[in-house]
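> just to be clear, the model below is a prediction. Sequence and coordinates:
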Amino acid sequence: MTLARPKLEDIEVQLLLEGVYRYYGFDFRNYAPSSLKRRIWNILCSEKLPNVSALQEKVLHDPACLDRFLLGLSVNVTAMFRNPNFFLAFREKVVPILRTYPFIRIWHAGCSTGQEVYSMAILLEEEGLYPRCRIYATDMNEMVLKQAKGGIFSLQLMQEYTQLYLKAGGKRSFSEYYTAAYDSAIFRASLKENIVFSQHNLATDSSFNEFNVILCRNVLIYFNKTLQKRVYELFHASLCPFGILGLGRQETLKFTPYEAYYEELAGSEKLFRRIH
Amino acid sequence: MFKLVVIGTSLGGLSALKVLLSGLPANFPVAIAVVQHRHKDSEDMMSSFLQPHATLSIREVVDKDDLLPGTVYVAPADYHMLVDVGYFTLSIDEPVSYARPSIDVLFESAADVYGEFVIGIILTGANQDGAKGLAAIKAQGGSTIVQEPATAESATMPAAAIATAVVDWILPLPKIAPHLINLCQPMWK
Ligand SMILES: C[S@@+](CC[C@H](N)C(=O)[O-])C[C@H]1O[C@@H](n2cnc3c(N)ncnc32)[C@H](O)[C@@H]1O
């Protein structure tokens, strides 16, 4: 279903992304065009530029504009215990498997500002597994990683997070995990003890360890099928035999070439177990 | 020949969709994509609610689902649904005018990718989402339909669409499905 004439704007977007990749090394060439273009439209608006070619010129010649461009393209929306049923299924289906391991390595790919990682640390602590775990939390965006390392979130969010925590099968009082200071919630430092935050780009970097669990939720939706394929290969190569892969609620391995390598652990919650 | 029908609605949308979808035959030759505003925690499947009333098959979109004729694609709760050439892409970008899924987001990407081959429809709803998106569809040469506000459970959304976009047809709800059939399979008249 390709349409007859390529649109000028689509060509401009390709040239912009090619330029940014060749000059700066940031590779957005295989992101999903529709959501990426929306971000670019927003940047055109905030930079007050008439078209994508003008943005290309500015980004390539003005490093400050590159920073704003990268920030404008990154979607860091996240929450603690987002889709609580996922965490509930993790407790019920994955934790019993992890109990049988002496040491557990977990990779959160695309961890954004860290809410998901702290959620997992809390869950593992409540299940008595945290001391045996090492969590590698990665994102391509250094700015969000800095926030993630801080473990300080807005106090206003805590009411919503408390609800989600309870729905996710939380066993204690959520407020035990943070101290309130002015309008911030500072999460307990002990939750960070076994977390390593570092930069990793799923589009360009390779595997860096072998994991029992890989979680990558709501990141692959931003990629086209070519880049998704690359990342699925990366995950397959980075998972131990019988390792667990967790995806976002509307993502699936079904109907992809990787389906055969996994079995569904909790299909509706997108938890898969590597079997080949 | 049209390639995609996009529908946006909020308050009152479920019963309106029931009427519209039940009027379309199983061999309706164009893909249909629907954004219905709803609570972000509604993990209940809208598709299973609507399916008994429709002969077309209805599914909640999973990222990168193929866009195929004769299927109704529903945006899942708490995700934006966008269109790429031949498939759907989801995103959890910030809500747009408090909405995720947002009608404008779907309509603007449909207009960008499928241009004149898109039909945009705004039904009953209590806010102004979709008005900008419908204008974008018109600007790219697509066709536009709005439910007659007086016949809508909530007139705000259709009225806003009529005020913002050039609307080709303003129709009472029961007339929309027959009109779509006419537009999409003219030889059946
Ligand atoms: C929408 S957030 C998802 C956050 C979290 N996993 C969740 O579901 O709540 C997407 C994250 O993916 C990161 N990301 C996008 N492209 C990436 C890439 N090529 N490599 C690594 N991270 C990437 C973004 O920086 C952003 O923090």
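Received it, and whenever you're ready, just let me know what you need. Numbering: from 1, shown residues only, chains lettered A, B, ... in the order given.

> just for the stretch 1-150 of chain A, where's the confidence low?
Counting by pLDDT under 70, the stretch 1-150 of chain A contains low-confidence residues at A:1-4.

> the helices in it, which residues?
Residue ranges of the helices in the stretch 1-150 of chain A, as given by DSSP state H, counting those that start in this stretch, are A:8-24, A:33-46, A:52-61, A:63-73, A:84-89, A:95-98, A:115-126, A:142-150.

> packing partners of the fifth one?
Identification of packing neighbours for helix A:84-89 by 3 or more Cβ pairs under 8 Å, 6 or more residues apart in numbering or on different chains; DSSP states H and E yields helix A:115-126, helix A:158-167. To be clear about C-beta, it is placed using only N, CA and C from the backbone, and glycine gets the same treatment.

> please name the residues that touch residue 52.
Just so you know, I chose chain A. The contact partners of A:Val52, by Cβ atoms under 8 Å, 6 or more residues apart in numbering or on different chains, come to A:Glu9, A:Glu12, A:Val13, A:Leu15, A:Leu16, A:Ile40, A:Leu44.

> please name the nearest non-neighbouring residue to the fifth one.
Looking back up the chat, that one is A:Leu16. Computed as Cβ to Cβ, 6 or more residues apart in numbering or on different chains, the closest residue to A:Leu16 that is not its neighbour in sequence is A:Gln56, at 4.3 Å.

> before we move on, back to that, identify whichever of the helices and strands packed on helix A:84-89 lies nearest to chain B.
Closest approach to chain B among the helices and strands packed on helix A:84-89 is made by helix A:158-167 (8.6 Å; Cβ to the nearest Cβ).

> please identify the buried residues of the closest one?
By neighbour count with 16 or more other Cβ atoms under 10 Å in any protein chain shown, helix A:158-167 contains the buried residues A:Met158, A:Tyr161, A:Thr162, A:Leu164, A:Tyr165.

> which among those residues gets closest to B:Met157?
For B:Met157, the closest of the buried residues of helix A:158-167 turns out to be A:Leu164, at 30.0 Å, with distances computed as Cβ to Cβ.

> separation between that closest one and B:Gly142?
Using Cβ to Cβ, to the nearest Å, one obtains 39 Å as the distance from A:Leu164 to B:Gly142.

> next one: A:Ala109
Taking Cβ to Cβ, one finds A:Ala109 at 38 Å from B:Gly142.

> dead centre of chain A: give me the residue that sits there.
Centroid-nearest residue in chain A, with Cα atoms, centre = their mean: A:Gly110, separated by 2.5 Å.

> excluding sequence neighbours, find me the nearest residue to it.
Leaving out its chain neighbours, the residue that sits closest to A:Gly110 by Cβ to Cβ, 6+ apart is A:Val219, at 3.3 Å.

> touching, A:Gln228 and B:Tyr87? I think so.
No. With contact defined as Cβ atoms under 8 Å, A:Gln228 and B:Tyr87 do not form a contacting pair (11.5 Å).

> report the buried residues of the lengthiest strand in chain A.
Within chain A, and with DSSP state E defining each element, the longest strand by residue count is strand A:239-247. For strand A:239-247, the neighbour count (16+ other Cβ under 10 Å) marks A:Leu239, A:Gly243, A:Ile244, A:Leu245, A:Gly246, A:Leu247 as buried.

> what's the pLDDT at residue 164?
In the absence of a named chain, chain A is used. In the prediction, the pLDDT value recorded for A:Leu164 is 97.

> actually, chain B is the one I wanted.
Each residue has a pLDDT score; the one for B:Thr164 is 96.

> what residues are up against the residue nearest to the centre of chain A?
Taking Cβ under 8 Å, 6+ apart as the test, what A:Gly110 contacts is A:Thr138, A:Asp139, A:Met140, A:Leu202, A:Cys216, A:Arg217, A:Asn218, A:Val219.

> would you point out the most distant pair within the residues you listed?
Between any two of those (Cβ to Cβ), the greatest distance is 15.6 Å, for A:Met140 and A:Arg217.

> okay, these two: which has more neighbours?
With other Cβ atoms under 10 Å in any protein chain shown as the criterion, A:Met140 and A:Arg217 differ in neighbour count, and A:Arg217 comes out ahead with 24 against 20.

> surely that one meets A:Glu269?
No. Between A:Arg217 and A:Glu269 there is no contact, the gap being 10.7 Å when judged by Cβ under 8 Å.

> what touches both of these two?
Taking Cβ under 8 Å, 6+ apart as the contact rule, A:Arg217 and A:Glu269 both touch A:Phe86, A:Arg249.

> assumed B:Ala136 was part of a strand.
No. According to DSSP: H, G, I helix; E, B strand; the rest coil, B:Ala136 belongs to no strand; its state is helix.

> stretch B:84-99 and the ligand in contact?
Yes. Judged by Cβ under 6 Å from any ligand atom, stretch B:84-99 comes into contact with the ligand at B:Ile92.

> keeping just the C-alphas, turn that stretch into CSV.
Listed next in CSV are the C-alpha coordinates belonging to stretch B:84-99 (Å, rounded to 0.1, in the frame of the first residue of the first chain):
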residue,chain,number,x,y,z
ASP,B,84,2.0,4.3,9.3
VAL,B,85,2.0,3.0,5.8
GLY,B,86,0.2,-0.3,6.1
TYR,B,87,0.3,-0.6,9.9
PHE,B,88,-0.5,1.0,13.3
THR,B,89,2.0,2.4,15.7
LEU,B,90,1.2,3.0,19.4
SER,B,91,2.7,5.6,21.7
ILE,B,92,2.5,6.7,25.3
ASP,B,93,3.5,10.3,24.5
GLU,B,94,1.9,12.8,26.9
PRO,B,95,-1.9,13.1,26.6
VAL,B,96,-3.1,15.7,24.0
SER,B,97,-5.8,18.0,25.4
TYR,B,98,-6.1,15.7,28.4
ALA,B,99,-6.8,12.7,26.1
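
> thanks again, I'm all set now.
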